[in-house]
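Participant: Here is the input, now give the coordinates:
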Amino acid sequence: DLRNELADLGDATLRLDARAPEEPEPGLDAKARGMLLHSALEALWNTLGSHAALCAMAEDTLMDAIGAAVQAALDKLARDRSQTLTERFRDIEARRLTRLLRLWLEEEKARAPFKVVAAEQKTTIKLGGLVVEGRMDRVDELDDGTRVILDYKSGKTSTKSWEGERPDEPQLPLYAIDMHQRQPVAAALFAQLRAGDLAFNGLAARTGIAPRVKPAGDSEAAWQAQLDAWQITLTTLAEAFRAGDARVDPKEFPQTCEHCGLQALCRVHERHPEIAEDESGGTVDD
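Facilitator: Model (predicted):
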């Protein structure tokens, strides 16, 4: 997963493989639900194949395709979660996923024509001396031969996560700049499959590629400029990471630290001793 791979140079989860203890929870956790969604979408688009096929498909045939994709995804997850996916719970998840995917396909129908050329495709990216393994959720090809890279999300999305010198979620920009070296890329899009808030969110070379997705600027030259900016930003981060830059430098201190889970391992209190004092019961002014 590249979401945090280049975002924080001092990330102990990469250098030391450290992880915070996971909180047990009933049913499926967010990670398992994400895997289920990805598997169902992969199976569904392997059947549909293209925007034209989707739009031409009769409703009952489409529902059959969705049902088959959902059952295939549940079967795959059940191999590792058989005790969780009881018959009743599996039925609940099947109905939830079927309803979500049917609504989502209306968003896909509103797009410019495309065909799916890759789903859950592994990729190896070389950048700034690093070799990074990734997996693209989906790649579409438009009628003019340009590509659209999509990343499925079940939560709220924002292109602000791609901004700045240390982007929070560099995954899509990284895939875009890598693919653009071989084939023209026209858009990088989050596919936000969030119940009650379905939408595409991203940046594109021009209008009309996906509903409500704005172009990067007034001309396609602005899209190229955006790709160039991502190339510079991510190459700089990769080079620093490879050089061993592990400064304790939370991007948004102290907010970043609130959700880290690795406080016992981190040296942030050496730079901000007032936080340690505050947590021990004192105040910053003591």
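Participant: For Leu198, I want the exact helix or strand it lies within.
Facilitator: strand 197-204 (DSSP states H and E).
Participant: all strands for the stretch 101-250 of the chain, in order.
Facilitator: 114-127, 130-142, 147-153, 185-194, 197-204 (DSSP state E, counting those that start in this stretch).
Participant: Output those strands in a markdown table; the columns should cover distance to Gly164, mean neighbour count and mean pLDDT.
Facilitator: For every residue, glycine as well, the C-beta is placed using N, CA and C. Output for the strands of the stretch 101-250 of the chain, formatted as a markdown table (distance: least, C-beta to C-beta, whole Å; neighbours: other C-beta atoms under 10 Å; pLDDT from 0 to 100):
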| stretch | distance to Gly164 | mean neighbour count | mean pLDDT |
| --- | --- | --- | --- |
| strand 114-127 | 18 | 16 | 96 |
| strand 130-142 | 20 | 18 | 96 |
| strand 147-153 | 19 | 22 | 97 |
| strand 185-194 | 16 | 23 | 97 |
| strand 197-204 | 15 | 20 | 97 |
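Participant: so can I have JSON lines of the ones you listed showing distance to Asp60?
Facilitator: Listed next are these as JSON lines, based on distance: least, C-beta to C-beta, whole Å:
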{"stretch": "strand 114-127", "distance to Asp60": "22"}
{"stretch": "strand 130-142", "distance to Asp60": "25"}
{"stretch": "strand 147-153", "distance to Asp60": "26"}
{"stretch": "strand 185-194", "distance to Asp60": "23"}
{"stretch": "strand 197-204", "distance to Asp60": "22"}
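Participant: wait, which of those strands is closest to Leu101?
Facilitator: Distance to Leu101, taken as C-beta to C-beta, is lowest for strand 185-194 among the strands of the stretch 101-250 of the chain, at 8.0 Å.
Participant: How far away from the center of its chain is the closest one?
Facilitator: 9 Å (C-alpha atoms, centre = their mean, to the nearest Å).
Participant: What ranges in the stretch 151-286 of the chain fall below the confidence cut-off?
Facilitator: Low-confidence regions of the stretch 151-286 of the chain, defined by pLDDT under 70, span residues 246, 248-249, 252, 254, 256, 259, 261, 263-265, 267-286.
Participant: let's go with 80 and repeat that
Facilitator: The stretch 151-286 of the chain contains residues with pLDDT under 80 at 245-286.
Participant: Do a quick rundown of the helices in it.
Facilitator: For the stretch 151-286 of the chain, helices defined by DSSP state H, counting those that start in this stretch occupy the ranges 171-180, 220-242, 255-258, 268-271, 273-279.
Participant: Compute the inter-axis angle for the first one and strand 130-142.
Facilitator: The one in question is helix 171-180. 80 degrees (axes from the mean of the first three to the mean of the last three C-alpha atoms, to 10 degrees).
Participant: among the helices of the stretch 151-286 of the chain, which is the most enclosed?
Facilitator: helix 171-180 (a mean of 24; mean count of other C-beta atoms under 10 Å).
Participant: residues touching the nearest residue to Asp197 once chain neighbours are set aside, list them.
Facilitator: Distance criterion C-beta to C-beta, 6 or more residues apart in numbering; nearest residue to Asp197, sequence neighbours excluded, is Lys156 at 7.2 Å. Counting by C-beta atoms under 8 Å, 6 or more residues apart in numbering, Lys156 touches Gln192, Arg194, Asp197.
Participant: Looking at these, which is nearest Pro211?
Facilitator: So of these, ranked by how close each gets to Pro211 (C-beta to C-beta), first place is Gln192, at 11.6 Å.
Participant: Can you give me every residue that contacts the closest one?
Facilitator: Lys153, Gly155, Lys156, Thr157, Leu198, Ala199, Phe200, Asn201.
Participant: So what pairs up with it in the strands?
Facilitator: Taking DSSP bridges as the rule, Gln192 bridges to Lys153, Ala199.
Participant: With Ser219 as the reference, measure out to it.
Facilitator: 27 Å (C-beta to C-beta, to the nearest Å).
Participant: same thing with Ser39?
Facilitator: 39 Å.
Participant: For the two, work out which one has more neighbours and name it.
Facilitator: Set side by side, Ser39 and Ser219 show more neighbours around Ser39, with 20 against 12, by other C-beta atoms under 10 Å.
Participant: which residue packs closest to that one, ignoring adjacent ones?
Facilitator: Ser39 sits nearest to Ala73 (C-beta to C-beta, 6+ apart), 3.6 Å away.
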